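*Asks:* how would this look folded up:
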Amino acid sequence: MTGDGGTISTLDASVADAAGGAAGGAVAEPGVGEAPGSAALRLAPPRSHDEDRSEMPTRLERIADFVNTTDLMNPIEGLATPEDLHAWLVAHGLLDAGVRLTAADLVAAIAVREALRELIEGNAGHPTSDGALAVLGRAAGAAPVAVAFDAEGGATFEPVASGIHAVFGRVFADIVTAMADGSWSRLKACRNDECRWAYYDASKNRSGRWCSMASCGNRMKGRAYRRRARSSASARALS
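*Replies:* So this is what the prediction gives:
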């Protein structure tokens, strides 16, 4: 697969299929008078809930918003075209406006997005699949970064590649930095399998399970209660 910045090996089919829209999501069409990319910009984030972002580092907020460019509860694919991807990345400071993106870059970006969703599910105790790890590994291999020092004595990671690979380099550098400062484990995916929304767990003991207690939390607790009730009824009927 080739983009402007270089080449990534063929992605695992199971993850690359996400390019057709995660979970079969519909395309978010621009509204009347809107330019291409405006649908994607509305998906940052596209739905409101009671998530507390006040303590969320900017680098993690950007990763969460990238994962949430598709809403699995209301299937909409926010990155339907290279133009949508370009607009979203530029708006979030991950890409220079003059860089051109291709259809292959879009496929790679969506595959990485879905692999990142699996990676943050690992922060909630759900193992990341070998396929997702392979996608991230290959993308990282094509997105080298270097340490850059500044006049104030600080240092940052800067991408060496260009195009979509520079984007991946910036994202992966943010992940490594978050892992080093201890904030990464707070970025999770909702444990509701129908949702899997990326959110920041601001709880004191990092025990959050749902993107929102008001929606997914109550929904999943209700399902668990009904399962227990059915199980109890079956047990009584057999006794």
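*Asks:* from what I can see Ala178 touches Thr58, true?
*Replies:* No: between Ala178 and Thr58 there is no contact under C-beta atoms under 8 Å: 10.5 Å. Using the backbone N, CA and C atoms, a C-beta is placed for each residue, glycine as well.
*Asks:* who has more neighbours, the two?
*Replies:* The residue with more neighbours, out of Ala178 and Thr58, is Ala178; 18 against 10, by other C-beta atoms under 10 Å.
*Asks:* contact partners for the more buried one?
*Replies:* Pro57, Arg59, Leu60, Trp184, Leu187 (C-beta atoms under 8 Å, 6 or more residues apart in numbering).
*Asks:* how does it look with 6 Å?
*Replies:* By C-beta atoms under 6 Å, 6 or more residues apart in numbering, the residues touching Ala178 are Arg59, Leu60, Trp184.
*Asks:* what about this protein, any weak spots by pLDDT?
*Replies:* Residue ranges of the chain with pLDDT under 70: 1-52, 207, 209-210, 212-215, 217-239.
*Asks:* which stretches in it count as helices?
*Replies:* Ranges of helices in the chain, per DSSP state H, are 13-16, 38-42, 58-67, 82-91, 103-121, 130-141, 163-181, 218-238.
*Asks:* and those helices as a markdown table, adding distance to Trp197?
*Replies:* Shown next, in a markdown table, are the helices of the chain (distance: least, C-beta to C-beta, whole Å):
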| stretch | distance to Trp197 |
| --- | --- |
| helix 13-16 | 19 |
| helix 38-42 | 16 |
| helix 58-67 | 8 |
| helix 82-91 | 17 |
| helix 103-121 | 9 |
| helix 130-141 | 17 |
| helix 163-181 | 18 |
| helix 218-238 | 13 |
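*Asks:* so which of these is the most packed in?
*Replies:* Neighbour counts (mean count of other C-beta atoms under 10 Å) averaged over each of these peak at helix 103-121, with a mean of 23.
*Asks:* helices or strands up against that helix?
*Replies:* With contacts taken as 3 or more C-beta pairs under 6 Å, 6 or more residues apart in numbering; DSSP states H and E, helix 103-121 sits against strand 2-3, helix 13-16, helix 58-67, helix 82-91, helix 130-141, strand 187-189.
*Asks:* repeat that for 8 Å
*Replies:* Counting contacts by 3 or more C-beta pairs under 8 Å, 6 or more residues apart in numbering; DSSP states H and E, helix 103-121 is packed against strand 2-3, helix 13-16, helix 58-67, helix 82-91, helix 130-141, helix 163-181, strand 187-189.
*Asks:* what would these look like in TSV with distance to Ala155?
*Replies:* Shown next, in TSV, are the helices and strands packed on helix 103-121 (distance: least, C-beta to C-beta, whole Å):
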stretch	distance to Ala155
strand 2-3	28
helix 13-16	33
helix 58-67	15
helix 82-91	24
helix 130-141	20
helix 163-181	11
strand 187-189	23
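*Asks:* the ones you listed: which one's closest to Val99?
*Replies:* Nearest to Val99 among these is helix 163-181; the distance by C-beta to C-beta comes to 5.8 Å.
*Asks:* still on that earlier bit, who wins for proximity to Leu106 among the helices and strands packed on helix 103-121?
*Replies:* For these, proximity to Leu106 was assessed by C-beta to C-beta; helix 82-91 is nearest, at 4.9 Å.
*Asks:* can you check what angle separates the closest one from helix 58-67?
*Replies:* Put simply, helix 82-91 runs at 170 degrees to helix 58-67, going by axes from the mean of the first three to the mean of the last three C-alpha atoms, to 10 degrees.
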